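Enquirer: Sequence and predicted structure below; questions after.
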Amino acid sequence: MRPHVPWISKVDDIVLEWLDEQDIAVTPKVLHANLETSVSYSQVNRRLWKLEENGLVERDPDRNDYYAITEKGRKYLHDPDATAEDFPDLTDDTDS
């Protein structure tokens, strides 16, 4: 069971799960087009930014607009010993 992390939204879970399953780096546009739920493109962009700022996804260093899940993101999805304290909100963005 995943830890309850107040700043992580249902959209974040969907994004992280997709990136984990595909195990590729993609643009926000490709990610949005492949999600099997009705999430707006702008929401995908906002949530990718939030996830990146908190270390759960990262931009590809060679292709700046491509995102991939990080080990921290995989820890959130799969580590049964992970706690909410492992995923503090490192942003001051109040519009989660």
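Expert: The structure has been received and is ready for your questions.

Enquirer: where do the strands sit along this structure?
Expert: According to DSSP state E, the chain carries its strands in the segments 57-59, 67-69.

Enquirer: and the nearest residue to Glu58 once chain neighbours are set aside, how many neighbours?
Expert: Spatial nearest neighbour of Glu58, chain neighbours left out: Thr70 (5.2 Å); criterion: CB to CB, 6 or more residues apart in numbering. (C-beta placed from N, C-alpha, C; glycine too.) A count of neighbours around Thr70, defined by other CB atoms under 10 Å, yields 18.

Enquirer: swap in Leu48?
Expert: 22.

Enquirer: hang on, isn't it packed against Val57?
Expert: Yes: the pair Leu48 / Val57 is scored as a contact, 6.2 Å apart, by CB atoms under 8 Å.

Enquirer: Quick check: neighbours shared by those two?
Expert: 15, 67 (CB atoms under 8 Å, 6 or more residues apart in numbering).
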